[in-house]
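Chemist: heads up, no residue letters with this:
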């Protein structure tokens, strides 16, 4: 299952490590309230929000920074 | 083949020279220092084609060793006591990254109180790092074991680093005749290291020393346990192959007059020479006594020990270390895995001589036991 010494021979394979499973709370964006300030994109430490403000739940760890930084309260943290 | 009078430190350095390491990161510390000096001289004299890395600490020495080994070359390093303590963190990394290099440890006591003399506390304290540990009795065995350690460590079924443990001063600073093998048979026995799991090649990039989250860590550690179990057979096969080429026989353990013995001493390292003298002396008096020298402490060779002690009544286990709150490390391992009546003796800490009388006292206290673990040679108030 693991290689000898946990050597990784495929560069760029860290994206296979889907950290979304770590999440306890899930950010849900209400696009009606969104004012396109892009704060969520800028502050997301995992680059899990794209330019259309879609959240990538494969990697979002549910840290809640996007919801905290959102000036229009458009993001709600909902328990998984 | 040449024969020379030398210390075990020189014997280890000769073995390292014959193994042709490409990188030697080493930091001097008593009583290992002359190993680092001999190797520096060999590199300066171009007797070894190696990069001798002058580091600022043992932590750096072992870190450079791991890095070089993961780059795919054979590596040698050596240390002692506090130096091994400073290496502690990276010893685990070396084993976890499956870096198959060899470290010679000149066994010395641990501070405090500060003490430069011999016991085996330093390497025993590293027993859970995932390294193979082989304890040697004399200078010839130090040379031969260092060569064999590479072959065992580099075996694809093992790929764990090896520690060759030699008693400080008793072996490192006393001289005895040693046979130095010629390069040709050594090359035959130990061909160049061909790394398959970790190496540096820009055309074939890899990432080494990665994070392993809870999905992977347990399996990675279990693989090391399997490798350690595999190493039992690999050590024996390597010893057999070594004997065929060089004529000197070794094994996981070395039994001496154990066949009909009622009481068997179990010990590691140079003290075995003294015990053998006492065994002969007691045999002359009609006592049925033997010695089982443990060469491989990790892996712990349970089957080989069982086979050697199966017909005896009692074991007298000698430890030059202490696991505070329970006893000696070898004793507790023997108690855990070998189903025999056993008594533990803690002796020789910090260089206190283990005299023939002390060994006779252990024998007496195994024959007529008072308690399970006894400290031998304690001065009365």
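Modeler: Thanks, I have the structure now. Because the structure is a prediction, the values reported are computed rather than measured.

Chemist: what does chain A have sitting close to chain B?
Modeler: Within chain A, the positions lying close to chain B (CB under 8 Å from any CB of the partner chain) are A:1-9, A:11, A:17. Just so you know, the C-beta spots here come from the backbone N, C-alpha and C atoms, and that holds for glycine as well.

Chemist: out of these, grab the one that's most surrounded.
Modeler: residue A:5 (24 neighbours; other CB atoms under 10 Å in any protein chain shown).

Chemist: what's the neighbour count on the residue nearest to residue B:79 when sequence neighbours are not counted?
Modeler: Using CB to CB, 6 or more residues apart in numbering or on different chains and skipping residues adjacent in sequence, the residue nearest residue B:79 is residue B:58, 5.3 Å away. Neighbours of residue B:58 under the rule other CB under 10 Å: 27.

Chemist: quick one: residue B:58 and residue B:36, what's the gap?
Modeler: 11 Å (CB to CB, to the nearest Å).

Chemist: which pair in the residues of chain A next to chain B spans the largest distance?
Modeler: For the residues of chain A next to chain B, the maximum inter-member distance is 20.3 Å, found between A:1 and A:11 (CB to CB).

Chemist: quick check: bridge partners of residue 75?
Modeler: Looking at chain A here, since you left the chain open. Beta-bridge pairing for residue A:75 (DSSP bridges): residue A:29.

Chemist: wrong one, I was asking about chain B
Modeler: According to DSSP bridges, beta-bridge pairing links residue B:75 with residue B:23.

Chemist: my read is that residue B:91 contacts residue B:127, right?
Modeler: No: taking CB atoms under 8 Å as the definition, residue B:91 is not a contact partner of residue B:127, at 10.4 Å.

Chemist: more neighbours, these two?
Modeler: With neighbours defined as other CB under 10 Å, residue B:91 and residue B:127 compare such that residue B:91 has more, 21 against 18.

Chemist: just to be sure, the more buried one is in a helix?
Modeler: Yes: assignment of residue B:91 by DSSP: H, G, I helix; E, B strand; the rest coil places it within a helix.

Chemist: next up, the contacts around the residue positioned nearest the centre of chain A.
Modeler: Among the residues of chain A, the one closest to the centroid is residue A:60, at 2.5 Å (CA atoms, centre = their mean). Shown in contact with residue A:60 (CB atoms under 8 Å, 6 or more residues apart in numbering or on different chains): A:20, A:23, A:26-27, A:44, A:46, A:48.

Chemist: tell me the buried residues within those.
Modeler: Buried positions within the contacts of residue A:60, assessed by neighbour count (16 or more other CB atoms under 10 Å in any protein chain shown), are A:20, A:23, A:26-27, A:44, A:48.

Chemist: pull the residues that contact stretch B:52-64.
Modeler: B:23-27, B:29, B:39-40, B:43, B:68, B:77, B:79, B:82-84, B:86-87, B:89-91, B:94, B:103.

Chemist: give me the distance between the two termini of that stretch.
Modeler: Taking CA to CA, to the nearest Å, stretch B:52-64 runs 11 Å from one end to the other.

Chemist: so which bits of that stretch are buried?
Modeler: Quick answer for stretch B:52-64 (16+ other CB under 10 Å): B:52-53, B:55, B:58-64.
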